[in-house]
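# can't give you the sequence, but here's the structure:
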């Protein structure tokens, strides 16, 4: 690994006090971040590795940055974990805890954290998949076989000759007693509907030698694949597998240890503009499946435009569940309960009219917000919520944010939840049936929440919690 990329000592003087610093979402002290990588839990610590440029606020020099947390809320950034080497940089990947010592590197005191990543070759050389392991709880990594290909290039590229084959996801499949890798190989040809995108499954017994299992061909698959098993309706005896890509298109089906079988219907898991390349934690200690995504800004960045020392942020961690709806099984996403540790005040109103709530809201000033509301759609037709200038509206049975409809369930009680940070807004409709993740910078002088609509509108519950910063 090239030591010149280990720049973390230069980060020590950077604080978390900038005007646009996210206050309860993770961001690097300095420089560029993108995809979350290697999310894994081990010995009381949640590890968030991430795509990182240790030398610039713009994309490049891809390295695995590293942060740890005991609650997925309060994060401590550590020195960069996996540095570029040879003729390439370190693209996205995954990490597992080698509980059964498959790799043979466990010690008496520590189990190995094994990371897999794409070694992104320069000079148009083919990408391939490499690995590294840590026996000091993720603080340092040793390359497996000096970083040579463990899964060689499979011979795919897109129609313009650009290199694909990246972002391995690895997990332990208990029924087959094998390690499984999910690897994206190529994107579909939009002009030729028969020329589908391709994902390939591999298996390994030793976390080193990998063999072909099957292919999963779909029009929607594009990089950063994840595959996780979830209970349906909370029933541990009824479980399905969820497969999704970077844009959070997903399908639900059965994975038997060899192939993924679905009804070939895909759905979009986030309707906002800024959710990408999400990943779930391996080795979760409590049975929950928790996901974190990268909030990408596109070509323009509010952070760069305002001379921040950092660029980009992560979404807030959420649990994922499958639930049966009138339209079939769908994915639901919901902020982790640990957010409540940040609450310092909560205003709760039950069976109150809109006008009554407004009078009470006007007495307070809000900055970091977790807002929840529920109502009977048979009694409520239209309203808006102005949350520090960000407007969520409800019109004739439909929710909208920035002219985008956020679908809701056909049921007797509708609900909405909004997390507002300094630079972001995350909206959850009907307990997470639809989600919208967006960058949104509220005016610093606007610390108000106001309901707009018929003063007779009644909310069954309206609750506003103010949050402390995680950067104490």
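Looks like it arrived, so ask away. Quantities reported herein were computed from a predicted structural model and do not represent experimental measurements.
# for this structure, just list every one of the helices.
Applying DSSP state H to the chain gives helices spanning 302-305, 354-361.
# so how far is the longest one off the chain centroid?
The reference is to helix 354-361. 35 Å (C-alpha atoms, centre = their mean, to the nearest Å).
# please point out which parts of that helix sit buried.
354, 356-358, 361 (16 or more other C-beta atoms under 10 Å). The C-beta positions use only the backbone N, C-alpha and C, and glycine is treated the same way.
# that one packs against which elements?
strand 343-353, strand 449-453, strand 458-467 (3 or more C-beta pairs under 8 Å, 6 or more residues apart in numbering; DSSP states H and E).
# how does it look with 7 Å?
When contacts are defined as 3 or more C-beta pairs under 7 Å, 6 or more residues apart in numbering; DSSP states H and E, helix 354-361 sits against strand 343-353, strand 449-453.
# and the nearest residue to residue 221 once chain neighbours are set aside, bridged to which residues?
Closest residue in space to residue 221, ignoring its immediate chain neighbours: residue 197 at 4.1 Å, by C-beta to C-beta, 6 or more residues apart in numbering. Assessed by DSSP bridges, residue 197 has beta-bridge partners residue 218.
# got it, and the one 4 residues further on?
Using DSSP bridges, the bridge partners assigned to residue 201 are residue 182, residue 214.
# picking up where we left off before, isn't the residue nearest to residue 221 right up against residue 216?
No - contact between residue 197 and residue 216 fails when scored by C-beta atoms under 7 Å: they sit 9.1 Å apart.
# neighbour count winner among these two?
residue 216 (25 against 22; other C-beta atoms under 10 Å).
# joint contacts of residue 197 and residue 216?
Overlap of the contact sets of residue 197 and residue 216 (by C-beta atoms under 7 Å, 6 or more residues apart in numbering) is empty.
# how much space separates residue 76 from residue 82?
18 Å (C-beta to C-beta, to the nearest Å).
# which one of those two has more residues nearby?
Higher neighbour count among residue 76 and residue 82: residue 82, with 30 against 10, using other C-beta under 10 Å.
# right, and the more buried one touches residue 142 too?
No - taking C-beta under 7 Å as the definition, residue 82 is not a contact partner of residue 142, at 10.1 Å.
# now do residue 192, the pLDDT please.
Model confidence at residue 192, given as pLDDT, is 74.
# what's across from residue 311 in the sheet?
The partner residues for residue 311, given DSSP bridges, come to residue 32.
# that one: neighbour count?
Neighbours around residue 311, by other C-beta under 10 Å: 22.
# show me the contacts for it.
31-32, 57, 301, 303-304.
# now with 6 Å?
32, 57, 301, 303-304 (C-beta atoms under 6 Å, 6 or more residues apart in numbering).
# okay, now the unreliable bits of the protein?
Of all residues in the chain, those with pLDDT under 70 make up the ranges 158-162.
# can you list the domains in it?
3-335, 337-467 (automatic domain parsing).
# in stretch 319-335, what counts as buried?
319-323, 329-333, 335.
# burial of residue 100, as a residue count?
Counted with other C-beta under 10 Å, residue 100 comes out at 12.
# do residue 28 as well
With other C-beta under 10 Å as criterion, residue 28 counts 25.
# list the contacts of the spatially closest residue to it that is not a sequence neighbour.
Nearest residue to residue 28, sequence neighbours excluded (C-beta to C-beta, 6+ apart): residue 310, at 5.3 Å. By C-beta under 6 Å, 6+ apart, the residues touching residue 310 are 27-28, 30.
# distance of residue 310 relative to residue 348?
Counting by C-beta to C-beta, the gap from residue 310 to residue 348 is 35 Å.
# for the residue nearest to residue 324 when sequence neighbours are not counted, phi and psi?
Excluding the flanking residues, the one nearest residue 324 by C-beta to C-beta, 6+ apart is residue 233, at 5.6 Å. Note on residue 233: backbone dihedrals following degrees, to the nearest 10 are phi 60, psi 30.
# neighbours around residue 233, how many?
10.
# for the one 10 residues further on, same thing?
For residue 243, the number of neighbouring residues by other C-beta under 10 Å comes to 23.
# now render the buried residues of stretch 319-335 as a markdown table, adding distance to residue 173.
Shown next, in a markdown table, are the buried residues of stretch 319-335 (distance: C-beta to C-beta, whole Å):
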| residue | distance to residue 173 |
| --- | --- |
| 319 | 22 |
| 320 | 18 |
| 321 | 21 |
| 322 | 18 |
| 323 | 24 |
| 329 | 21 |
| 330 | 24 |
| 331 | 21 |
| 332 | 24 |
| 333 | 24 |
| 335 | 29 |
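# and of those, the nearest to residue 18?
Of all those, residue 18 sits closest to residue 335, with 24.1 Å by C-beta to C-beta.
# tell me the contacts of the closest one?
Applying C-beta under 6 Å, 6+ apart to residue 335 gives the contacts 316, 318.
# now render the buried residues of helix 354-361 as TSV, adding distance to residue 452.
Shown next, in TSV, are these (distance: C-beta to C-beta, whole Å):
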residue	distance to residue 452
354	8
356	14
357	12
358	9
361	12
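# nearest to residue 124, out of those: which one, please.
Out of these, the member with the shortest distance to residue 124 (by C-beta to C-beta) is residue 361, at 58.1 Å.
# and the closest one, how close does it get to residue 385?
Where residue 385 is concerned, residue 361 sits at a distance of 10 Å (C-beta to C-beta).
# wait, residue 210 sits on residue 204?
Yes - Residue 210 lies in contact with residue 204 (C-beta atoms under 6 Å); the separation is 4.8 Å.
# those two: which has the busier surroundings?
residue 210 (23 against 18).
# torsion angles phi and psi at residue 259?
Taking degrees, to the nearest 10 as the convention, residue 259 sits at phi -140, psi 160.
# count residues in the vicinity of it, would you?
Neighbours of residue 259 (other C-beta under 10 Å): 13.
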